[in-house]
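In: Sequence first, then the predicted structure, then my questions.
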Amino acid sequence: MGELLLESLILGVGATLFMDLVALALRYGVGVQPLDYALVGRWFGHLLRGQVRHRPITASPVITGERWIGWVMHYLIGVVFAVVFLTGVGEGWLATPRLDIALAFGAVTVLAPFLVLQPAMGAGLAARRTPRPGIARLKSLLAHLSFGMGLWVAAILWPAAT
């Protein structure tokens, strides 16, 4: 169990970092604005106080430290996703990582924002209440595909991390 947690920590942090680097490249390369993790932190902060739904999250009171909370939760979720991934594919995947499997998992993880985070933050199921739902969905999918690719990249770099 300890080995799975260590592997998940390395893969999850690595994949999330890769996801963030892709988001930075998109932001500065073509002007695509990434998710504001302060809003994620605000949602988690209110969740701890018993409020799940917001209409919208931007109208909810600011939480002290929300940006820090959001970034920590972003990376923690990446590690949890890595635990789920490695549990599903088996730790042998690290010996011969396959990009297709990692990308498929990344695509599946987009269900988390579509079904949980976006509705809870007031954006509706799969961002249907946003001004441009198709663009919001595409941005979410690209972010989660980059997480999947990040799993693969982190696995390729895995021997250097241990």
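Out: Yes, it's here.
In: only C-alpha atoms for contact and neighbour calcs from this point on.
Out: Noted.
In: pretty sure Phe18 is touching Ser146, no?
Out: Yes: using C-alpha atoms under 8 Å, Phe18 is in contact with Ser146, at 7.1 Å.
In: higher neighbour count, the two?
Out: In terms of neighbours (other C-alpha atoms under 10 Å), Ser146 is the more surrounded of Phe18 and Ser146; the figures are 25 against 21.
In: So for the one helix or strand that one maps to, what gets flagged as buried?
Out: Secondary structure assignment for Ser146, by DSSP states H and E: helix 133-161. In terms of neighbour count (16 or more other C-alpha atoms under 10 Å), helix 133-161 has its buried residues at 133, 136-137, 139-156, 158.
In: Mind checking the pLDDT average for it?
Out: Mean pLDDT, helix 133-161: 92.
In: repeat for stretch 43-59
Out: In the prediction, stretch 43-59 has an average pLDDT of 94.
In: for stretch 80-88, same thing?
Out: Across stretch 80-88, the average pLDDT comes to 97.
In: Show me which residues of that stretch are buried.
Out: Applying 16+ other C-alpha under 10 Å to stretch 80-88 flags 80-83, 85-86 as buried.
In: so what secondary structure elements neighbour the helix holding Ser146?
Out: With contacts taken as 3 or more C-alpha pairs under 8 Å, 6 or more residues apart in numbering; DSSP states H and E, helix 133-161 sits against helix 2-30, helix 99-109.
In: Check the spacing between the nearest residue to Trp93 once chain neighbours are set aside and Ile63 real quick.
Out: Nearest non-adjacent residue to Trp93, counting by C-alpha to C-alpha, 6 or more residues apart in numbering: Leu86, 7.6 Å away. Distance of Leu86 to Ile63, given as C-alpha to C-alpha, to the nearest Å: 34 Å.
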